[in-house]
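Colleague: next come a sequence and a model predicted from it.
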Amino acid sequence: MSRRVRQRVEEKGKNKLDSPSYRYPVIGGDDDVAPKVEDYADWTSLPYDTVLYLFTRLNYRDRASLASTCRTWRSLGASSCLWNSLDLRAHKFDLSMAPTLATRCAHLQKVRFRGVDSADAIIHLRARKLLEISGDYCRKITDATLSMIAARHEALESLQLGPDFCEKITSDAIRVIAFCCPKLKKLRVSGMRDVSSEAIESLAKHCPQLSDLGFLDCLNINEEALGKVVSVRYLSVAGTTNIKWKVALDNWEKLPKLTCLDVSRTTIDHIAVSRLLKSSQSLKVLCALNCPFLEEDKSFISNKFKGKVLLAMFTNTFDELASIFADNSKKPKDIFAYWRDLIKKDKIIDEIMLWIEWIISHTLLRIAESSSQGVNDFWLNQGATLLLSLMQSTQEDVQERAATGLATFIVVDDENASIDCGRAEAVMRDGGIRLLLELAKSWREGLQSEAAKAIANLSVNAKVAKAVADEGGISVLAGLAKSMNRLVAEEAAGGLWNLSVGEEHKNAIAQAGGVNALVDLIFRWPSGCDGVLERAAGALANLAADDKCSTEVARAGGVHALVMLARNCKYEGAQEQAARALANLAAHGDSNNNNAAVGQEAGALDALVQLTQSLHDGVKQEAAGALWNLSFDDKNRESIAAFGGVEALVALAKSCSNASTGLQERAAGALWGLSVSEANSIAIGRDGGIPPLIALAGSEAEDVHETAAGALWNLAFNPGNALRIVEEGGVKSLVHLCLTSVSKMARFMAALALAYMFDGRMDEYAMIGTSSESASKSVTLNGARMMALKHIGAFIKTFMEHQIFTGGALSFAPSMLAQVAEKARIPEAGHLRCSGSEIGRFVTMLRNHDDTLKACAAFALLQFTIPGGRHAMHHASLMQNAGEARALRSAAAAANVPRGARIFAKIVLRNLEHHQAESSKGKKVSYNRICIES
């Protein structure tokens, strides 16, 4: 945090404290002037209790930072009341950090940590009065670490490790805990492989106050030894396998104080449940959620055990819990709120409800993580409502687990970001969105992180995303994305990523400061924080797809941030999203300067070329897509080639025959974009790019074969490439497209490629060589020519409706020609941009001896000049400047020109007249430099 927490101003020699300044409007007159606004205020004059309250709302790092602003605050910041509880999960905490906190931890009573490094450092806090320790991410914690923690904290009353598995902790560590911590009241450990009788008996012997014991998700426990822990009131063996139920029942039903037992996710059956509820005199609550053997017995009657509470998948949890209380007037679904609001509470019931909250939150999270079959009705009928109720708990760890469970249970397929819409909408209907947003605004960073994660997952559903936006969630997430806590920022960025899928949310995210926050995340954590980088880049990629937002991304420094990410990050997910974001930024070449800006950014094009050689298909796909869009700019096109882009993309096209259609399309598209340049076109043909493009032209996927047809059309302009296409069997592929593709654009470009190949220029090139080689080529070309021309003609005839065409031929009336033009129009062709040499080639083709080529040329010029096409004015200008109208008039009037070509030529002349009239009106038309819009 900044040392200047509030600005100061000196007015008439005095420093004044004031509330936030407000401007007043000037009404008029000399007296009606706005009062002078103070720009500074002195926070050091705040009352001490206010400052202390401020300190309590900060994590330990910000608290220490704020305490360094002045002597007074340093003294207040060291107050023991601020350091009786410490959450070390928010930031990295290890041995190097421990000494800086040790001086403040003399009165520390409660600590939460994350991971083995934090566990190793706890002992260096020198907090001898520590009463509670809670840790997660404990897989790597060893007996040695846990034993040292126990030995240094003899006053310990509560130790919780989980919910992830403590795989390296053995019974030896449990014995040490028993010996060193005689005041222990609560012990909960998850995922131990084996809990021996010696370890449990040590607890029974040395920890006489141990009332809450949990060995969850363990492989083996000693059932008989657990029966000797006579002090236990709350026992959980949820998820533990290999329980010998006869032995367990013989021993546990005799426990004199056992009040609550959790056997969820075990192999317990109805016989064991019945015996426990009947035999144990002290047992009041039995939690047996997600127990398959118990649920198989449809005849089991759960309400026959009066005075006992059974929580199972087939019982109504709210009704069962309501039976604990004497007041029967309350609504069962409000039971948690009713209990929390009680002014006079029963101590025993209070303990039971706190334990139930903890146990249910843990079990629901485990069920959600396991994606158990047959639980959908449970989630819809009561599971979602339970999670929402638990999110309002006074126990922070329960709130966090409930939010995590909510984020998890809606997910169907994490890999493909697929969620269960019914579950998501159930959360929305029960007021879950507003509740999650309230948690996200909490000062506790653990709650912020888990709430943001749940909001992110729920926002995959469009209806829920709208609800999040309507409730102000975009501003909340944009604020959290600025957090210095990596986990909070990561989940917030994930929420913005999912929300930015909706077009209606993009501008709202930008207005809330989300663009700046996302760009700043990349600069703040440029390495080692893969999740943050992937989510931030993914959100920016979605935002960059919008024209207005793409400008905001560029203005915020997004181009530099994303290029830096593409160049330096080694994580494939972040690489993929960075490349996608650059592709989307470059897609607006006709409306802003982002295309050129990306190309001019140092290292951008080189990095993208290198990414096409990634081992990850997603990275290659997005990098190729970015190069495709960038190649629409003349300078970028040549620079890409200079960085080895031709060779890299040809290699990519060769290798993607079995890849996804997205990768195939972008590989072909990038080659299409580069082939606009004659030099690149020749290089693509020389480096072997034609065979893979022919193969892609044979794809059944419309996007793939359409893009490949466009690339082959460009390549066929060069006679050498045209001959290669013939020699590689490309004529059959292009003819097949003309006949079968459902895409008019694919058929159109295939026909144009064939027309280039057989308008005569290739013949001269083919004759180079020995007389025998030339004769052989001539025979091959003649057969290919006949096949090509036949199908070009057939393609054009599909746009020549007989009745309309006959009327146009007879009258040449404007109305009839307009009908012919409308019938012949291919709307997507208006996005194509041709060079002067290409337009000139079609005009020359009007004079070709072959009638089919004449008709094809006139048909093409019609498409390129139809009013409303993006580049129609540009094409008309090229033709007018080159004096091509004369050739068109000649074709329209010549008797030896087929009827179709004459009519099309007449329409082109009308188009030129239209554009000339528009131009004379003084309309300014801006042109981009792209060849085709993707």
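Modeller: On my side now, so go ahead.

Colleague: tell me the contacts of the nearest residue to Ile522 once chain neighbours are set aside?
Modeller: The spatial neighbour of Ile522 that comes closest, neighbours along the chain excluded (CB to CB, 6 or more residues apart in numbering), is Ala561 at 4.1 Å. (Each C-beta comes from the backbone N, C-alpha and C, glycine too.) Applying CB atoms under 8 Å, 6 or more residues apart in numbering, we find Ala561 in contact with Val519, Ile522, Phe523.

Colleague: could I get the buried residue list for the one helix or strand Ala708 maps to?
Modeller: Secondary structure assignment for Ala708, by DSSP states H and E: helix 702-716. For helix 702-716, burial by neighbour count (16 or more other CB atoms under 10 Å) applies to 703-716.

Colleague: who's in contact with it?
Modeller: Applying CB under 8 Å, 6+ apart, the contact partners of helix 702-716 are 661, 664-665, 668-669, 671-672, 675-676, 681, 684-685, 689-690, 693-694, 696-699, 721-722, 725, 730, 734, 737, 741-743, 745-746, 749-750, 752-754, 756-757, 931-932.

Colleague: do that again at 6 Å, thanks
Modeller: Helix 702-716 is contacted from outside by 661, 664-665, 668-669, 671-672, 675, 681, 693, 696-697, 699, 721-722, 725, 737, 743, 745-746, 749-750, 752-753, 756-757, using CB atoms under 6 Å, 6 or more residues apart in numbering.

Colleague: regarding the closest residue to Arg535 other than its chain neighbours, what is its secondary structure?
Modeller: Closest residue to Arg535 apart from its sequence neighbours, by CB to CB, 6+ apart: Ala493 at 3.8 Å. With DSSP: H, G, I helix; E, B strand; the rest coil as the basis, Ala493 sits in helix.

Colleague: what of Val111?
Modeller: Quick answer, by three-state DSSP: Val111 is strand.

Colleague: ok, now how distant is it from Leu159?
Modeller: Separation of Val111 from Leu159 (CB to CB, to the nearest Å) stands at 11 Å.

Colleague: which residues are in contact with both of those two?
Modeller: Here Val111 and Leu159 have Ile133 as joint contacts, going by CB under 6 Å, 6+ apart.

Colleague: where exactly do the helices run in the stretch 551-700 of the chain?
Modeller: 558-568, 572-585, 594-600, 604-611, 617-630, 634-642, 645-655, 661-674, 678-686, 690-697 (DSSP state H, counting those that start in this stretch).

Colleague: which helices and strands does whichever strand or helix holds Val488 pack with?
Modeller: Val488 is part of helix 486-499, with elements assigned from DSSP H and E. Applying 3 or more CB pairs under 6 Å, 6 or more residues apart in numbering; DSSP states H and E, we find helix 486-499 packed against helix 445-458, helix 473-480, helix 530-544.

Colleague: give the next helix or strand downstream of the helix or strand encompassing Trp339.
Modeller: For Trp339, the host element (DSSP H and E) is helix 335-341. Scanning forward in sequence from helix 335-341 by DSSP H and E, the next helix or strand is helix 347-370.

Colleague: buried ones in that next one, by neighbour count?
Modeller: Here helix 347-370 shows 351-368 as buried, counting by 16+ other CB under 10 Å.

Colleague: packing partners for that helix?
Modeller: Helix 347-370 packs on helix 396-409, going by 3+ CB pairs under 6 Å, 6+ apart.

Colleague: apply 7 Å and report the result again.
Modeller: Counting contacts by 3 or more CB pairs under 7 Å, 6 or more residues apart in numbering; DSSP states H and E, helix 347-370 is packed against strand 260-262, strand 285-287, helix 384-390, helix 396-409.

Colleague: all helices for the stretch 701-850 of the chain, in order.
Modeller: Along the stretch 701-850 of the chain, the stretches classed as helices by DSSP H, counting those that start in this stretch are 702-716, 719-727, 730-740, 744-757, 761-766, 771-797, 802-811, 814-824, 836-845.

Colleague: please save the CA atoms from stretch 165-184 in CSV.
Modeller: Extracted C-alpha coordinates of stretch 165-184, given in CSV (Å, rounded to 0.1, in the frame of the first residue of the first chain):
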residue,chain,number,x,y,z
PHE,A,165,-5.1,-35.8,1.7
CYS,A,166,-2.3,-35.9,4.2
GLU,A,167,-0.5,-38.8,2.4
LYS,A,168,2.8,-38.5,4.2
ILE,A,169,1.5,-38.3,7.7
THR,A,170,1.6,-41.5,9.7
SER,A,171,0.4,-42.8,13.0
ASP,A,172,3.8,-41.8,14.5
ALA,A,173,2.9,-38.1,14.1
ILE,A,174,-0.4,-38.7,15.8
ARG,A,175,1.3,-40.3,18.8
VAL,A,176,3.7,-37.3,19.1
ILE,A,177,0.7,-34.9,19.0
ALA,A,178,-0.9,-36.9,21.8
PHE,A,179,2.2,-36.7,23.9
CYS,A,180,3.0,-33.0,23.3
CYS,A,181,-0.5,-31.5,23.3
PRO,A,182,-2.4,-32.8,26.4
LYS,A,183,-5.0,-29.9,26.2
LEU,A,184,-6.1,-31.0,22.7
